[in-house]
Every structure is written in C-alpha cells, then in structure tokens.
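Colleague: Using only what follows, build the 3D model:
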Amino acid sequence: MSSKLPQLCTISGQTVDRKRYSPSTYGGGRSVKGYFLIEEDIFASVQPPNRAAFEMIAQLPEGKRTKTWITVYCELDTFLAADDRQNIPPDIIIYECDEYEVHTVTHRRGRHLNHDVVLAVRKET
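Modeller: Predicted coordinates:
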C-alpha cells in the first residue's frame, strides 16, 4: 500500500529544500572537498520536537542542547544522517531560510502511512 504522506503535506502546503553534500575524496594526495546538490520543494510536515525527542536532546552536550530543533515528517529515504564509517556527511534541510543539519532519521512503517521522522538541529551561520 502506498504512503498517504504526500497527500497530507499537499493539504498543509509545506515544503522544504534539501542540500546533499558528496563525500570528500583525495586527489593527487590532497583532500578535495565534496560538492553539494540542492533539491527543492520536497513535501514535508515540519513540527517542533515531541516529548521523546526532547528527552533524547536533553542527553546531548550543552552546545547541541541549546540550539533550535525541528522534526520533519517526510517520505521514506528522503534525508540522510551522517555516516562516519562511509564518509557520508549529513543532509541539510532548508526551511524558512534557515539551515538545519539532520541528526537522526527514524523509519516508520505502518499499514497506511510509511514515512521518516527526521530530527534536525539548526546550523549556526
């Protein structure tokens, strides 16, 4: 059964943009910083973190704890969190002209609604 999340987000009219960096590589013995691609108008529902997310945030170091957080509900596999083992940087969510770095992505699969719950922290510019 297909997900109804795009239909729900269309009703709310919310979209976000995604900035995805490619991993850094080595060329000629030097580190070459990866480039980024921006995908615009991804249907999503952006909300403040719920109680469970606040409990997780409370366990983080104070520098992260005091920043602004958002929760993004979107289609499965829309955003990536950082993966140090494979040298993959986290995606950046652009919402209301602010950039948020993806912290965690939780896949939720149900009978009628398959979606990701993305917890992201605002980047300091």
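Colleague: remind me which residues of this protein are low pLDDT?
Modeller: 1-12, 62-65, 125 (pLDDT under 70).
Colleague: all helices of it, in order?
Modeller: In the chain, the helices defined using DSSP state H lie at 5-12, 51-57, 62-65.
Colleague: In the second one, which residues are buried?
Modeller: Neighbour-count burial for helix 51-57, with 16 or more other C-beta atoms under 10 Å as criterion, is recorded at Ala53, Ile57. In this view, the C-beta of every residue, glycine as well, is placed from N, C-alpha and C.
Colleague: Measure how far it is from the centre of its chain, please.
Modeller: 16 Å (C-alpha atoms, centre = their mean, to the nearest Å).
Colleague: Which strands or helices does it pack on?
Modeller: With contacts taken as 3 or more C-beta pairs under 8 Å, 6 or more residues apart in numbering; DSSP states H and E, helix 51-57 sits against strand 69-74.
Colleague: centre of the chain versus the strand it packs on, how much separation?
Modeller: Worked out by C-alpha atoms, centre = their mean, strand 69-74 lies 7 Å from the chain centre.
Colleague: Parallel or antiparallel, which strands does that strand pair with?
Modeller: Under the criterion DSSP bridges, strand 69-74 sits next to strand 45-47 (antiparallel), strand 115-122 (antiparallel) in its sheet.
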